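Undergrad: model this:
(one chain, ligands or ions: 1)
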Amino acid sequence: MRPRLAIGLTLALLAAAPLHAASEVVPGIFLIRGGFTPGTQPDGNSVILKAPDGLIVVDTGRHAEHTQAIIDFAREAKAPVRAIINSHWHLDHIGGNARLRREFPDLKIFASNALANARKGFLAGYRAQLEDLIKNAPDDNARKVFQSEVAIIDSGAELAPDVVIDASGNRTIAGRTLNIGLEQRAVTEGDVWIYDAATGVLIAGDLVTLPAPLLDTACPRRWKESLDRLAKMDFELLIPGHGPPLTRRQFLAYRSAFDHLLDCASGEAPKSKCIEGWNTDVGALIGGTDPKFVAALMDYYAGMLKRDPAEINKLCEP
Ligand SMILES: [Zn+2]
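TA: Have a look, this model is predicted:
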């Protein structure tokens, strides 16, 4: 029997929490919201679970301030970080891995093995772009931003998993048993989710992102299938990769928004129609987000869905 959640109250408190402050989502599970604002690279959400032997951290952010908030939390809790679980390899989720390893040398990283291919493909291409950007940076601040991205990519081996998640199932980590799932070729080549049956919390990584689906490395149709699988799970609260925690009903609204977006983009309707539909579908979930920011993101990502299907399908193949 798990404790009933005062979900309405929890969500209201979380919405009001300042950036980088940890808020308790349910007893023993804390959320550090990732920043996601116009003109800056995002941090993914980080989730900290208390376990009998220490702390488990799901995703470590990108910027130093975000990761520092995780370290500060551990110091205050007087508990070591025993494990990191990375939901996927995007830099806004693994960027703090090396910093946390330095702080807690005994920790183990759990993740899919998708980073290995990403380092040869997507990240190698991104690194080359960054080198150009560094050369042509308009000022020191901009240069530092690009250099810190390169530094994350170059911390290579420290980012990589000690334990590869290659199948779904129960695992006991730091003395806490969690149901850890693997989705393949959805948002990335390997996306990990974590379900805690004791509290009914599902930590979904970027399978759920607001205010927009971040499709950069995604196979859209397989992502949709993953959302259908998540919908069958018995969770009460879902913590997404970006955005505030969602009730089951809110997640179902997100899923239909995603389905509508894919349907629209595969048809004859212009991109603007698909974006309009998305805004209507997720309107209640993204209240307070700058509409211009949402418009810019959706212009980019709906455009991605309108690419040549052969291009998109490359990301669906094993
Ligand atoms: Zn992300």
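Undergrad: Stretch 112-129 spans what distance, first to last residue?
TA: Start-to-end span of stretch 112-129 (C-alpha to C-alpha, to the nearest Å) is 26 Å.
Undergrad: ok, and for that stretch, which residues are buried?
TA: Buried residues in stretch 112-129, counting neighbours by 16 or more other C-beta atoms under 10 Å, are found at 112, 114-115, 118-119, 122-123, 126. All C-beta atoms are positioned from the backbone trio N, CA, C, and that covers glycine.
Undergrad: List, out of those residues, those positioned next to the ion.
TA: Filtering those for proximity to the ion by C-beta under 5 Å from the ion leaves nothing.
Undergrad: Narrow these to those in strands?
TA: Judged by DSSP state E, the buried residues of stretch 112-129 include no members of strands.
Undergrad: Make TSV out of these and add pLDDT.
TA: As requested, the buried residues of stretch 112-129 are arranged in TSV below (pLDDT from 0 to 100):
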residue	pLDDT
112	97
114	94
115	94
118	93
119	92
122	91
123	93
126	93
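Undergrad: now, the most widely separated pair of the residues you listed?
TA: Using C-beta to C-beta, the buried residues of stretch 112-129 span at most 19.0 Å, a distance reached by 112 and 126.
Undergrad: pretty sure residue 251 is in a strand, no?
TA: No - if the criterion is DSSP: H, G, I helix; E, B strand; the rest coil, then residue 251 is helix and not within a strand.
Undergrad: Just grab the bridge partners of the closest residue in space to it that isn't next to it in sequence for me.
TA: Nearest non-adjacent residue to residue 251, counting by C-beta to C-beta, 6 or more residues apart in numbering: residue 238, 4.9 Å away. Note on residue 238: beta-bridge partners by DSSP bridges are residue 202, residue 246.
Undergrad: Touching, residue 238 and residue 210? I think so.
TA: No - in this structure residue 238 lies outside contact range of residue 210 using C-beta atoms under 8 Å: 11.2 Å.
Undergrad: neighbour count winner among those two?
TA: Each of residue 238 and residue 210 has its neighbours counted (other C-beta atoms under 10 Å); residue 238 has more, 23 against 20.
Undergrad: Please tell me how far that one sits from residue 128.
TA: Separation of residue 238 from residue 128 (C-beta to C-beta, to the nearest Å): 36 Å.
Undergrad: Up against the ion, what does the stretch 51-200 of the chain have?
TA: Residues of the stretch 51-200 of the chain lying near the ion (C-beta under 5 Å from the ion): 90, 92.
Undergrad: who's in contact with the one helix or strand residue 75 maps to?
TA: Here residue 75, judged by DSSP states H and E, is contained in helix 64-77. The contact list for helix 64-77 (C-beta atoms under 8 Å, 6 or more residues apart in numbering) reads 20-22, 30, 32, 34-35, 43, 46, 48, 50, 55, 57, 60-61, 80-81, 95-96, 99-100, 103-104, 148.
Undergrad: Could you give me the ChimeraX selection string for whichever of those residues are buried?
TA: For the buried members of the contacts of helix 64-77, the matching ChimeraX selection, counting by 16+ other C-beta under 10 Å, is:
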select :20,22,30,32,34,35,43,46,48,50,55,57,60,61,80,81,95,96,99,100,103,104,148
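Undergrad: those helices in the stretch 51-200 of the chain, which residues are they?
TA: Counting by DSSP state H, counting those that start in this stretch, the stretch 51-200 of the chain has helices at residues 64-77, 91-94, 97-103, 114-120, 122-135, 140-154, 156-159.
Undergrad: With respect to burial, which of the ones you listed scores highest?
TA: Of all the helices of the stretch 51-200 of the chain, helix 91-94 carries the top mean neighbour count, a mean of 26, counting by mean count of other C-beta atoms under 10 Å.
Undergrad: And that one, what does it pack against?
TA: Contact here means 3 or more C-beta pairs under 8 Å, 6 or more residues apart in numbering; DSSP states H and E; on that basis helix 91-94 packs against helix 140-154.
Undergrad: mean confidence score for stretch 133-141?
TA: The average of the pLDDT scores along stretch 133-141 is 92.
Undergrad: so which helix or strand takes in the residue nearest the centre of the chain?
TA: Centroid check for the chain by C-alpha atoms, centre = their mean gives residue 241 as the closest residue, at 2.9 Å. According to DSSP H and E, residue 241 maps onto strand 237-242.
Undergrad: which secondary structure elements does that strand contact?
TA: strand 22-26, strand 201-209, strand 246-247, helix 248-266.
Undergrad: Let me know the average pLDDT across the longest one.
TA: Same thing as helix 248-266. Mean predicted confidence for helix 248-266 is 96.
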